[in-house]
Every structure is written in structure tokens, then in C-alpha cells.
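*Asks:* next come a sequence and a model predicted from it.
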Number of protein chains: 2
Amino acid sequence: MIRKPRLFTPGPTPLLPEAQAALSAPALHHRTADFRKVLDGVRENLKYFYGTANDVIFFTSSGTGAMEAAVSNLFSPGDRVIVATAGKFGERWEQLAQAFGLHVEKVAYPYGRTIPVSAVQEALERSSDIRGIFFQATETSTGVRNDTEGIARLRKIRPDALLIVDAITGLGTSNLDIDGWELDVVIGGSQKALMIPPGLSFASVSERAWERMKTAKLPRYYFDLLKERESAKKHDTAYTPATSLLVGLAAALDHVRGLGRENLIRNAQVLADCTRHGVQALGLKLFAEVPADALTAVSAPDGISSSDIEKRMRDDFGAVVANGQGTMKGKIFRIAHLGYYDFTDMVGVIAALEMVLKGLGHSCKLGDGVSAAQARYLELTASAGSPSARQ
Amino acid sequence: MIRKPRLFTPGPTPLLPEAQAALSAPALHHRTADFRKVLDGVRENLKYFYGTANDVIFFTSSGTGAMEAAVSNLFSPGDRVIVATAGKFGERWEQLAQAFGLHVEKVAYPYGRTIPVSAVQEALERSSDIRGIFFQATETSTGVRNDTEGIARLRKIRPDALLIVDAITGLGTSNLDIDGWELDVVIGGSQKALMIPPGLSFASVSERAWERMKTAKLPRYYFDLLKERESAKKHDTAYTPATSLLVGLAAALDHVRGLGRENLIRNAQVLADCTRHGVQALGLKLFAEVPADALTAVSAPDGISSSDIEKRMRDDFGAVVANGQGTMKGKIFRIAHLGYYDFTDMVGVIAALEMVLKGLGHSCKLGDGVSAAQARYLELTASAGSPSARQ
């Protein structure tokens, strides 16, 4: 049987066809007027995608590069920071802060839990000299949504603490009020809701963060936010950028403009909600205490390894879901909803899951997951009339 | 909501990604060594795709061009031929034969019926001077499969009658034993099971047909089979060919070689079979007396127009199915299975159909069509062990 390879992983995600076409266009030289127009457009539209008036700086790197920039540009050796973590990407904040010699106050919770705002509050109240709070808007390794707004409100306790948010899978899948909640640095990546391949990272930077940079003494060179801001004023980049990815990003951002960022977010929310109904109708349990809409993390049923589920989904149906990472491998699998996904993708992955679970001996009835997802889809789209009336 | 446009039409069909990439490669000049290699490979692989030792000639035209070639290259004014028709494409044979001044003995049956072999036999027995029999292996307008082997066996009654088969949707979806059944001309098109855009037509030509050409007096110039055969010997074409389509075709044929033509056919057969189970579980009736595996034609339920079904499928779910053509408009809709289709596509289109039918007031239960298709898929793929064991 033909099996089309389909990515249901929380990055990389399926490529937007318009972006794919742009990616394969003849290369532009990066010091030309044509390319400068691309840069200006991307910078303007990234602010729209983020929903912020802050500058959004990009780097040619994976998302971790922009995470490093948030550490190296804003702090000085020995600065005390809070890292709130309940997953693999929270641990990355910890490793980064430690690599740069910061003093880390760790607020750690088990995988699958959401970070209690009260726990961050206690850590803030314990130390008067906290200079930053690092956390994930959505923890991609566990499918958990953290309470970004709640943590942001803690700013009043320590006005000097910068709010640094990894929203690599949170952007384009959740409503982050960056300006209203005064988030100082928000990190993004290209291979998520933006529907292009990996290779570009993003960081929105608040005025408070630019101010902090003046006194931050950690070493930085490639990931220098200020240098990139100066280059942007000259319609340029500090170093050779990934030109084809930027041309693809320009096409993707144009698409997001046309669709509306709120509709991109709602798309993920509806498909996530329907997927949760679908997998629960099959007798499966959600892994996340508070599920994110970027992806659904599902616990493998007793006696079945998620590695087998992941393998059969891929081998039998071409559906690439993500296994758990690290200690979660074999225990959970993850289905993404971010970016270029639609109803048919969702129904297809649930139908394939039903077949695979049945094959692995899990007791479930074919069609039960699909019909639960369909029914929920009708509910969620009914408020605006028939689905056809909806955007 | 995001709605990916998906073609479920019986041509054009979804493009094979490898072919799509080849299509967008820089243009080759058609009188170069590189392009001659492409031509030679395409000609060899077309024979594999057809499953014949006969030459397969191609034209830069839609499928109708190769149909015209079958008329204009093989007959003389006033020749008596049988046209067996029960659909729009059967009528095209009739129009073509009449446009070229042939004397048509029509064997006509209502839309939805398969042509009875006995009816063709009676027509053959009525006239001793029949020079050709025209029919469809699968009638795309009604989703009907005709008995190509049965009609071909009638050759013994009138050995002088050439067997001319429109297999535009039959190739790659059904087992046509071109050499065993001694089919003289078999017509194909690029935008069907070959997974590339429209613009190329094909005709396999038997020795008997080449022989007939020597005395055939109808006028032809662009669609000259013999001229193209002579050009092929020189690794060339008579006229400027659609170079990008041929490069795409080369990639598609390579893919078919890798997959195996029998597996391409089986893919369509399994998905067609599952789809038939799915739509019948929703209380719908198949339109075709003997359904083809290229596509499933479904009668709209009482009181519901297939035009509404087609529109809602497209508007609400991005799923492009085909309405009925001509007098069948509003009465039937058609879901294709030919070419680059897989399980997820099939499940997606059935799930979307369930939602649309429910919205239009048809009484059916969400998930019933999907689960019937899933169960049938398990049955059909179980004989070779788990689906994963299957190619």
C-alpha cells in the first residue's frame, strides 16, 4: 500500500506549500536590495505573528540559539535566576544558565505536571535578588501548558526579574499577550507553527530587556541581540543569514497574515481539543496535567510500549508521531497540532491509531476515537453556524 | 480552520512529491543528449506501466488527443465501427468516430450500467464488416468497470475488428492484460494513476494496428502514431514535447518501478473496496452496476443534491470530490482512488462525508463509515499478516 509520510511531530511540522515553493526559488544574494526587502517584510510580519510591538530578532540557528541569546545578553556572571522546569526543555534552561555561570534557583516538578504559580512565587519571595525567571509557555516534551499569565503577574514581587519564556511551540498555538503581560523575551523557532524547516530562531525583546543589556556582562558574539538590532536598522543582518529559509519564512508569514494569527491559533486549539476527545474515547489517558494545544501527549496503555505504537504508526500508515523523550520514551507518544494541520490529518491519525492499538491488543472499537473527535468538531464549530460559515 | 486542498477527483489526481520536484527543475532543451535520455527512459518505463511489449506512443495533449489518434490513424472514411457506450466518455468515442466520417454502430446502455458483452457480440454478428470496437475499460463518468477481457474475446468473431480501449483511468487501477487479450490500442493520460499534471496522452499500439495504419486513409498530422514511432527510433519526438511534464513523468515512472505496478493497482483496489464498504455503511448506494477501482461513484441520498455534497466537502473540509457530469450532475458524486492516495486520505474523505451528510439532514452515525472502511482494510491486508508485513 502507498503510505504518504505525514509528520505529526511537534516540530518539524508539515511545510506550507507556498513556503515550500519559495524555499526552492533561485538563491538571492543577502547583500542586495531584493533581499533587504525580504528582511524588512519578515521583521514586520514576525511582530504580527508574535502579536507584539517589541522588536523580534532572528538568528540563523535552532531554537536553542535564541534561548542562549536570552541568557548571554541579559545577565552577568553569578546572577541569581529562577528556572521553573517540569520537562526536557525546562532542563535546557537550567543547563544554559549553568553553562554561563548563573546561580540557578530551580523550581522543579515531575514530567507531566504544570508548574504551580505558587511555587514560583515562593522561590521569588525566598530571594530578594532574582534577576530573571525562565520557563516554558508550553513544555514540548510533556505536552503541558504552563500558566504564562499567572507567572508573569509575579513581576510585581521582584520588578527586577526579567520574564524569559520559551514559546517555541507556544507561539501560533496559544494566546500569549506579550505586551499586556510584559514578557521580556519570548523565544520562537521556524519549524513549528510557522510551517517551514528548522534553521531560524526568534526572540522578541522588551524595552526593559534592551535596557538590561547595557549592563549585562556575559560574553556573546554570534547571538548578540543588540548587534542584530543595529543591523536591522540598516535592513541587514550581522552575519550571513539562511537566505532560502528567510524567503520561505516570508511566504509563511504572508500566509499567516492572510489567515489571521487568531485563526492559526484557533485551528490548533480546535484540533487539539478534538484529538483529546478522540484518544480518550479509545480508553487512553492524557499525560499532561494541563494539556497544551500545540500537541497532545498520550500515555501508552498498560502493557503496550509507546515505542511500538510510534513504530507501527510510521511503518503501517506513514504517520510519524513522536515517542516520549528521555525517561518518557516508551511511556508516552505525542501528536502535534501546530502549523499546517487540518481536520483530515487529525481524523487520519486517530483512525491509524485505532488500527495500531487494536493490533497491539488494546481493547477498543474501530471508529470510536474518530466519531468522538468528529462530534467534538461539530460542537466547536457549531457556534458560528455550520462549519462552512466558519473561517 | 485550515483546510488543505485535497483532490479526490478522478483526474487530476494528487501529484507525487518526487514528480513535483522534477517538474520544477530547470528546463531542459528538447534537442539535447540529456533530454534524449529522459525520452528513452520514459518510453521504456511506459511499457512497464502498461504491462505490454507493444510500443507506447505519447503525445503532448490531453487524453482526448490520443483517442483521436486511435481513430485517425487506423481507419478510412466510411469504415464501420462499434462504439459501446454507457457514459460521457463512451459518447466521446462516438463523437470522434463521427467527426472523422466513420459509420458508427452504437451499443448504448444507460449511465451506471456496465456494457453487456453479449450486446457487443450481437452487434458484431449483425455486421460482417466491423473494422473496430471502441469502449472504456473504466467509464470515468459513472465509475463503471467494463469487461475488457470479455469484449476482447469477441475478436474471434471478426478478426479484422481492432480493439481500441480507453483506459485513461483503467491503467494503474486494474489488471489489463494488453498482450494476452490482444488489445490493439490502449489509451492513457498523465493526470491519473501516473500522478502528474494533465498534458500528456499515451497509446499502446499492437502489431496489428501498425499493419492497419499502412492502409488507413483518414487525415492526420499532429497525432501521427507512425511519425512518432519513427522519431522514437531517433530518441526524439516529431514536435516540441512538454519537456517539464516528461521530466515529471520520468520521476513518476521511476516511482512506479520502485513500488511495482501490481502494488500501485492493488493500492487502488484496496482503497476502492474499503471506500465502498464505508459509504454503504452510511446508507448510501453505489451508482455503478459493476464498480471500477479507479473511482467510486455514489448516488446522492433522496432529497439531497450531490452538488450540495460536493460544495460542502470542498468548502468545509477542502476535500474536492467530483460531482456527476452532464445529466448526472446533482445525482451522483465520485471519489477517486487512483494514483497517490493512501489510507489517511480515504479515512479523511469518508469522515468529511459523514459530517457533510449529517449537516444536510441525512440520517447516519458519525464514525460508521470510517469504521466500516477500517474493518475492511484490516480484512484485506490481514492475509499477509499485519499491515506492517505488507508492501
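*Replies:* Received, thanks.
*Asks:* my read: A:Val298 touches A:Gly278, true?
*Replies:* No: the pair A:Val298 / A:Gly278 is not scored as a contact, 10.0 Å apart, by Cβ atoms under 8 Å. The C-beta positions use only the backbone N, C-alpha and C, and glycine is treated the same way.
*Asks:* which outside residues touch the host helix or strand of A:Val81?
*Replies:* Element membership for A:Val81, per DSSP states H and E: strand A:80-85. The contact list for strand A:80-85 (Cβ atoms under 8 Å, 6 or more residues apart in numbering or on different chains) reads A:75, A:90-91, A:93-94, A:97, A:102-109, A:115, A:119-120, A:123-124, A:127, A:129-136, A:146, A:151, A:161.
*Asks:* for PyMOL, write the selection for the buried entries among those.
*Replies:* Written as a PyMOL command, the selection of buried residues from the contacts of strand A:80-85, which uses 16 or more other Cβ atoms under 10 Å in any protein chain shown, is:
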select buried, chain A and resi 75+90+91+93+94+97+102+103+104+105+106+107+109+115+120+123+124+130+131+132+133+134+135+136+146+151+161
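*Asks:* so which of the contacts of strand A:80-85 sit within helices?
*Replies:* Within those, residues falling in helices by DSSP state H are A:Gly90, A:Glu91, A:Trp93, A:Glu94, A:Ala97, A:Ala119, A:Val120, A:Ala123, A:Leu124, A:Ile151.
*Asks:* I'd say the fifth one and A:Phe134 touch.
*Replies:* So that's A:Ala97. Yes: between A:Ala97 and A:Phe134 there is a contact under Cβ under 8 Å: 6.8 Å.
*Asks:* any idea of the mean pLDDT in the helix or strand A:Tyr48 falls within?
*Replies:* Assessed by DSSP H and E, A:Tyr48 sits inside helix A:33-50. For helix A:33-50, mean pLDDT is 96.
*Asks:* and it, what other elements does it pack with?
*Replies:* strand A:55-60, strand A:200-205, helix A:243-259 (3 or more Cβ pairs under 8 Å, 6 or more residues apart in numbering or on different chains; DSSP states H and E).
*Asks:* so of these, which one's packed in deepest?
*Replies:* strand A:200-205 (a mean of 26; mean count of other Cβ atoms under 10 Å in any protein chain shown).
*Asks:* can you state the direction angle for that one and helix A:243-259?
*Replies:* Using axes from the mean of the first three to the mean of the last three Cα atoms, to 10 degrees, the direction of strand A:200-205 lies 60 degrees away from that of helix A:243-259.
*Asks:* A:Gly172 in helix, strand or coil?
*Replies:* Following DSSP: H, G, I helix; E, B strand; the rest coil, we place A:Gly172 in the coil state.
*Asks:* let me fix that, I meant to ask about A:Thr296.
*Replies:* A:Thr296 - assigned by three-state DSSP - is strand.
*Asks:* identify the bridge partners of it.
*Replies:* Beta-bridge partners for A:Thr296, by DSSP bridges, are A:Ile335.
*Asks:* from what I can see it touches A:Thr275, true?
*Replies:* Yes: contact status for A:Thr296 versus A:Thr275: in contact at 4.9 Å, counting by Cβ under 8 Å.
*Asks:* residue boundaries of the helices in the stretch 201-350 of chain A?
*Replies:* A:207-213, A:225-233, A:243-259, A:261-281, A:306-317, A:343-359 (DSSP state H, counting those that start in this stretch).
*Asks:* now do the fourth one: which elements does it pack against?
*Replies:* If I follow you right, that is helix A:261-281. Counting by 3+ Cβ pairs under 8 Å, 6+ apart, helix A:261-281 packs on strand A:285-286, strand A:295-299, helix A:343-359, helix A:368-382.
*Asks:* then the first one?
*Replies:* Contacts defined by 3+ Cβ pairs under 8 Å, 6+ apart place helix A:207-213 against strand A:162-166, helix A:225-233.
*Asks:* what residues sit buried inside it?
*Replies:* A:Arg208, A:Ala209, A:Trp210, A:Arg212, A:Met213.
*Asks:* go ahead and name everything in contact with it.
*Replies:* Residues outside helix A:207-213 that contact it (Cβ under 8 Å, 6+ apart) are A:Asn54, A:Asn73, A:Leu74, A:Leu162, A:Glu182, A:Asp184, A:Val185, A:Leu225, A:Leu226, A:Arg229.
*Asks:* how distant is it from the center of its chain?
*Replies:* 24 Å (Cα atoms, centre = their mean, to the nearest Å).
*Asks:* give me the residue from the stretch 151-300 of chain A nearest chain B.
*Replies:* With Cβ to the nearest Cβ as the measure, A:Asn267 is the residue of the stretch 151-300 of chain A nearest to chain B, at 4.8 Å.
*Asks:* for that residue, list the residues it contacts.
*Replies:* Per Cβ under 8 Å, 6+ apart, neighbours of A:Asn267: A:His337, A:Tyr341, A:Asp342, B:Met1, B:Ile2.
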